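Student: Sequence and predicted model, in that order:
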Amino acid sequence: MTMDSPASTFNPNKRLKEEFVSNLKGASMMELFLLITTLSMLLFLRSVYSSTKKGPNSAEALSKKDDVIKAVVCKKNMGSYLAAATLDVLCIVFPAILCVTILADWTYINAVVMTLLVVFFILPRRSGFSVSQEEGARSLRTNISAYRVAMNFLTCVCILAVDFKIFPRRYAKTETYDGHWSRFVYCGKCIGFTTSTWNCKNVHVGEYGVHWNFFFTLAAVAILTSMINLPPSYCGILGWFILVVYEVSLLLGLNEYLISNERGHDIISQNKEGIFSIFGYWGMYLVCVQLGNYLFFGKPGDAVLRTNNWARIRVWIICLLFWLLTVFLDWHVERVSRRMCNLAYVTIVLAMNLQVFAVLTLADYVPGYKVAALIEFFDRNLLVSFLLANVLTGMVNLSMDTLSASPFVALAILVGYAYILSIAAAVAHFYGIRLKFW
């Protein structure tokens, strides 16, 4: 009996799944850019739809219905919560799943269509409308929540979708150079199918080594950050210094060591990618802290100003600069590599995240902007929702052979899975449940 017999008996398709998610090349930067744009605009269109409808739900009638709306909220009708979650699943989640599965080959066309729709919604209603400072402050907080929920929910969808053939392999995570769209940030990343089970070579070497899990990286970043006590405005200086030094080390030969298949018996050699990439992720985190402070906060006297046009314009400018920097680094310095978390990977992660937020800020130009109900539901329990998604993903993988599922069955499972997550979030919100683990 071979070493992998027990595992093979428990999961006969284990090796097929490992091969299914291994040796992937990723998508192009242009496709990533357009796909992110499309998915962001889906949420944007759903959020502004209620403000642009004619009749009693139009923007002009919202102010007249404040008392009625407050009364409905106080009544807390479970049916209305479930109906709102169902509607958002149909208008946001279902189209998003289609875009990353059966409509993936139409990404360029999808992006053009969505852009035209956004222009159609904004331009006719932009004339004579300006965002007040009070509305701008509320809008920025709303956009931040929408961004966080969007990243979390897309991650939840992808950790299951990646196990089906309906999900294009170019969108799944790669093990060397990365064109993987769904891993925007490590706090809301697509983990996909990972394993440390036995195979014919004794152990499966994952993307970060033999024993390493990405949660070890998160813990290391948290520990290193807690050891310093820098103001947010200085975190960026330290972060860029770490990233530059780390990138220079990679170019001087560290990158060849990290991507080589040779491993010693010591713990560092066996988990070299995971250990050394900590510097890249730590630098990224520090830069994000400084960027967030610069874009959304600042001096107390400027707090209101930085919640509307100030932040919106700079988000778009910085997003464009990071995309240009990514192209330059990828072409002339070193290819984007998630496995090493090099400088090009950091800049593309920042560019994609800022792109999502930038698209969401366009909703400020639509009168009567109203956030989607699904955003409010998930915003209360993001971590719990992510943990539930992982549990459901495990249940699906243990109960069926995802590789043999037909496109229709795969699509039905993904939509049902997303609907269960949405209903769970709606029920938790209805009962005022908010679970935290810190």
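Tutor: Done, it's in. Numbers count the residues shown, from 1 in each chain.
Student: Do you have the helices of the stretch 201-350 of the chain handy? List them.
Tutor: Listed in chain order, the helices found in the stretch 201-350 of the chain under DSSP state H, counting those that start in this stretch are 214-226, 232-249, 255-259, 267-270, 272-296, 309-332, 343-361.
Student: I'd like the mean pLDDT over the first one, please.
Tutor: Per-residue pLDDT over helix 214-226 has a mean of 88.
Student: What of the shortest one?
Tutor: Helix 267-270 shows an average pLDDT of 85 in the prediction.
Student: go on, the last one?
Tutor: Mean pLDDT, computed over helix 343-361, is 90.
Student: Any regions of the stretch 201-350 of the chain where pLDDT drops low?
Tutor: In the prediction, the stretch 201-350 of the chain carries residues with pLDDT under 70 at positions 201-207, 209, 298-308.
Student: Apply 50 and report the result again.
Tutor: Within the stretch 201-350 of the chain, the set of residues satisfying pLDDT under 50 comprises 201-204, 300-305.
Student: Now do the contacts for residue 110.
Tutor: Remark: with contacts taken as C-beta atoms under 8 Å, 6 or more residues apart in numbering, residue 110 is in contact with 34, 38, 99, 103. The C-beta positions use only the backbone N, C-alpha and C, and glycine is treated the same way.
Student: show me what contacts the last one?
Tutor: Residues near residue 103 by C-beta under 8 Å, 6+ apart: residue 110.
Student: Return the backbone torsion pair for it.
Tutor: phi -100, psi 10 (degrees, to the nearest 10).
Student: per-residue confidence for it?
Tutor: The predicted local confidence for residue 103 is 92.
Student: The second one too?
Tutor: For residue 38, the pLDDT comes out at 90.
Student: One more: the third one?
Tutor: According to the prediction, residue 99 has pLDDT 92.
Student: which residues touch it?
Tutor: Residue 99 makes contact with 35, 38-39, 42, 107, 110 under the criterion C-beta under 8 Å, 6+ apart.
Student: can you count the residues close to residue 366?
Tutor: If you count neighbours by other C-beta atoms under 10 Å, residue 366 ends up with 22.
Student: That one: what's its closest spatial neighbour, skipping adjacent residues?
Tutor: Taking C-beta to C-beta, 6 or more residues apart in numbering as the measure, residue 366 lies nearest to residue 48, with 4.3 Å between them; neighbours along the chain are not counted.
Student: which residues sit in contact with the one you found?
Tutor: Residues near residue 48 by C-beta under 8 Å, 6+ apart: 121, 363, 366, 369-370.
Student: so which strand or helix has it?
Tutor: Secondary structure from DSSP states H and E places residue 48 in helix 29-52.
Student: in that helix, what counts as buried?
Tutor: Residues of helix 29-52 classed as buried by neighbour count (16 or more other C-beta atoms under 10 Å): 29, 31-48, 50-52.
Student: Flag every buried residue along stretch 153-171.
Tutor: 153-164, 166-168, 170-171.
Student: Please measure how far the first residue of that stretch sits from its last one.
Tutor: One end of stretch 153-171 sits 16 Å from the other (C-alpha to C-alpha, to the nearest Å).
Student: Kindly report the same for stretch 224-237.
Tutor: Between the opening and closing residues of stretch 224-237 we find a distance of 16 Å, counting by C-alpha to C-alpha.
Student: Give me the residues contacting that stretch.
Tutor: When contacts are taken as C-beta under 8 Å, 6+ apart, the neighbours of stretch 224-237 outside the stretch itself are 238, 278, 282, 285-287, 289-294, 297.
Student: Save the residues you listed as TSV, and put in distance to residue 381 and neighbour count too.
Tutor: Output for the contacts of stretch 224-237, formatted as TSV (distance: C-beta to C-beta, whole Å; neighbours: other C-beta atoms under 10 Å):
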residue	distance to residue 381	neighbour count
238	33	17
278	29	21
282	27	23
285	23	21
286	28	26
287	28	21
289	24	20
290	28	20
291	26	21
292	22	14
293	26	16
294	29	16
297	25	15
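Student: Identify the farthest-apart pair in those residues.
Tutor: Farthest-apart pair in those is 278 and 297; separation 27.2 Å (C-beta to C-beta).
Student: For the residue nearest to residue 366, give me the pLDDT.
Tutor: Per-residue confidence for residue 48 comes out at a pLDDT of 70.
Student: Ok, residue 377 next?
Tutor: pLDDT, the model's per-residue confidence, is 90 for residue 377.
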